[in-house]
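Q: model this:
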Amino acid sequence: MAFNFNKVQPVESKPVEKKLEPVDELKQFINTFLDDGKYDEAEAEQILQKAAELNISEDEAIDMMETALNQLKSQPVSASASSTASIYPDDLLDVIKEGEIRNIKSVFRTWQNAISSIKTDNDQYDLIQCLYYMTFAALNQDGIIAEQESRKAKLVSNYWRIYWTYIAYMKNGRDAFAEDLLAKLQTFSDYDEDNISILETIAELNQSGAQAALKFYNSRKADDRYSNELQVLAKALKVELGLIKPTASNLQECAFITDNLIWWEDEEARTERKARQELERQRMEREIKERIRQEQEAEKRRIEEEQERLRKPVKFTIQITAVTNQLSAMFALRKAMDWDAADTRDKLANLPYTVLETSSTKEAKTLYEQLADAGLTLKVTAINGLGEKVKADFTATVEAPATAKSTATAEATFDVVLRSAGNNKLQVVKAIKNLLSLGFKEAKDIVDSAPSQVKKGVDKATAVRMKKALEEVGAKVEIV
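A: Numbers count the residues shown, from 1 in each chain. Have a look, this model is predicted:
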């Protein structure tokens, strides 16, 4: 919950302030960006835009920015103010940046003035009170105890003053006074019950150690029902109990509360604790680096294995699935594969038949081109090193014509029939043997059984060519 000082209305009206000169106004504007001791690009752009609005040249504005930065670097910065900055809401950081407020006492006065002009039923009033007394207890234990024991405090109860004074009492060894304050806190019904459990756990941590405190915390907490104002306190406590990892960012965020409110220790004990924390932080950092290294190595191995698989050659398989022109197929296969006629007929009779398995793209492409125009339906499969099917690119230029030709043949095919061998039977046997790539006996059987079918389902050109060859040796042939 961020406190908004813009909503704070003064009790009495204030006189109108004298308008600043342009140079002074720009100086004040520049100072609002110096909380982190530097300008980022967006901040510099805002400053130069403001300078233009005030009719101040860019060069003069840059000189003023540089001067302000050098002045800031030459000033000693209060350790208290810088160490507490991370726990304050943005609106309070804005207050710290204004004017010459550079230390926590000045912030106290600013907060006190703000508190006096806020209605007591405002949630922001509760937040500012919590932060005010928290910082008071951390940096001035005697001061908050004195205020709690004043006559005014006895007349007007304040939850957060009582809450943080409990820690001041415990740090000073005044346990009985602290226990009385716990009893008073229990009378405030408007605040979350786990607020007190956090205080009791902190006391257990300092009196009995982290292990006992963790056991106590687990036995007392009820779904972390504590006020929003105590989120950073609860986080700092959980880091010390091991419920939250002590990362660098967590330790930095909680450092002020941890050192001044969670632990009630002397300087020697604090030094030892911080040394242990540093060792633990270094150990965790080593573990993180080792885990990252192992993950990077595993990823490197995975990439190398994948690259190795990809480097493996693509394996091509060419398979005959159907024949649309038996004669052309036999001629092409015998020429390409160096098979004899009997082997060729056997393989074509047992389709589908794999004619080639190779890792050579050139070999697969050459055979495909030899067979694609021979009345064969071919199936080409290419498997890469990952075991995935990929396209055999070399089929793109020849596959379409082969498919088109097969389709045309299927639409118009013819049978060649031998009616009679005539008077030159031996020459007819030789002709059939050569046309069909058959053995002598198979060719003679066709001639002896005339009228017989020489070739079935061929295209017209093939049928005409075969008829002409047989008629030249005296046979009588018919195309049907």
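Q: what about residue 175, distance to residue 414?
A: Noted for residue 175: a distance of 116 Å to residue 414, by C-beta to C-beta, to the nearest Å. Any C-beta I mention is one placed from the backbone N, CA and C, and that applies to glycine too.
Q: More neighbours: which of those two?
A: residue 414 (20 against 12; other C-beta atoms under 10 Å).
Q: Okay, and the beta partners of that one?
A: With DSSP bridges as the criterion, residue 414 is bridged to residue 458.
Q: Could you do residue 354 as well?
A: residue 319.
Q: ok, it touching residue 319?
A: Yes - counting by C-beta atoms under 8 Å, residue 354 does reach residue 319; the two are 4.8 Å apart.
Q: Those two - which one has more neighbours?
A: Neighbour count, other C-beta under 10 Å: between residue 354 and residue 319, residue 319 has more, with 16 against 12.
Q: Can you check the pLDDT for that one?
A: Note on residue 319: pLDDT of 86.
Q: tell me the contacts of residue 184?
A: 157, 162 (C-beta atoms under 8 Å, 6 or more residues apart in numbering).
Q: Any stretches of the stretch 201-350 of the chain with poor pLDDT?
A: 221-224, 309-312 (pLDDT under 70).
Q: next one: the stretch 1-150 of the chain
A: Using pLDDT under 70, the flagged stretches of the stretch 1-150 of the chain are 1-20, 35-42, 72-124.
Q: if we go to 90?
A: 1-143, 147, 149-150 (pLDDT under 90).
Q: who does whichever strand or helix holds residue 28 touch, helix- and strand-wise?
A: Taking DSSP states H and E as the definition, residue 28 sits inside helix 22-31. With contacts taken as 3 or more C-beta pairs under 8 Å, 6 or more residues apart in numbering; DSSP states H and E, helix 22-31 sits against helix 41-53, helix 58-74.
Q: Tabulate those in CSV, adding columns for distance to residue 256 and mean neighbour count.
A: Listed next are these as CSV, based on distance: least, C-beta to C-beta, whole Å; neighbours: other C-beta atoms under 10 Å:
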stretch, distance to residue 256, mean neighbour count
helix 41-53, 26, 14
helix 58-74, 22, 13
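Q: Can you lay out these as JSON lines showing distance to residue 290?
A: Shown next, in JSON lines, are these (distance: least, C-beta to C-beta, whole Å):
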{"stretch": "helix 41-53", "distance to residue 290": "37"}
{"stretch": "helix 58-74", "distance to residue 290": "39"}
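Q: and residue 456, which of these is closest to it?
A: Closest of those to residue 456 is helix 41-53, at 84.8 Å (criterion: C-beta to C-beta).
Q: contact partners of that closest one?
A: Contacts with helix 41-53, where a contact means C-beta under 8 Å, 6+ apart, come from 26, 29, 30, 33, 39, 57, 58, 60, 61, 62, 65.
Q: so who does the second one touch?
A: If I follow you right, that is residue 29. When contacts are counted by C-beta under 8 Å, 6+ apart, residue 29 touches 47, 50.
Q: can you tell me how far it sits from residue 71?
A: 15 Å.
Q: follow-up on the earlier one: run the chain-centre distance for the helix holding residue 28.
A: 44 Å (C-alpha atoms, centre = their mean, to the nearest Å).
Q: angle of it against helix 41-53?
A: Relative orientation of helix 22-31 versus helix 41-53 (axes from the mean of the first three to the mean of the last three C-alpha atoms, to 10 degrees): 170 degrees.
Q: Send me helix 22-31 as CSV with only the CA atoms.
A: Presented in CSV, the C-alpha positions along helix 22-31 are these (Å, rounded to 0.1, in the frame of the first residue of the first chain):
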residue,chain,number,x,y,z
PRO,A,22,13.4,29.2,-14.3
VAL,A,23,17.0,28.2,-13.3
ASP,A,24,16.0,27.3,-9.7
GLU,A,25,12.9,25.5,-10.9
LEU,A,26,15.0,23.4,-13.3
LYS,A,27,17.6,22.7,-10.5
GLN,A,28,14.8,21.4,-8.3
PHE,A,29,13.4,19.3,-11.1
ILE,A,30,16.9,17.8,-11.7
ASN,A,31,17.3,16.9,-8.1
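Q: quick one: buried residues of it?
A: 25, 26, 29, 30, 31 (16 or more other C-beta atoms under 10 Å).
Q: Now do the helix or strand containing residue 382: distance to the chain's middle.
A: In this assignment (DSSP H and E), residue 382 forms part of strand 376-383. Relative to the chain's own centre, strand 376-383 is displaced by 41 Å; criterion: C-alpha atoms, centre = their mean.
Q: Please identify the pairing partners of that strand and their relative orientation?
A: Here strand 376-383 has these sheet partners by DSSP bridges: strand 315-323 (antiparallel), strand 389-390 (antiparallel).
Q: buried residues in it?
A: Result for strand 376-383 [16+ other C-beta under 10 Å]: buried residues 376, 377, 378, 380, 382.
Q: Against residue 364, how distant is the last one?
A: Distance from residue 382 to residue 364, counting by C-beta to C-beta: 8 Å.
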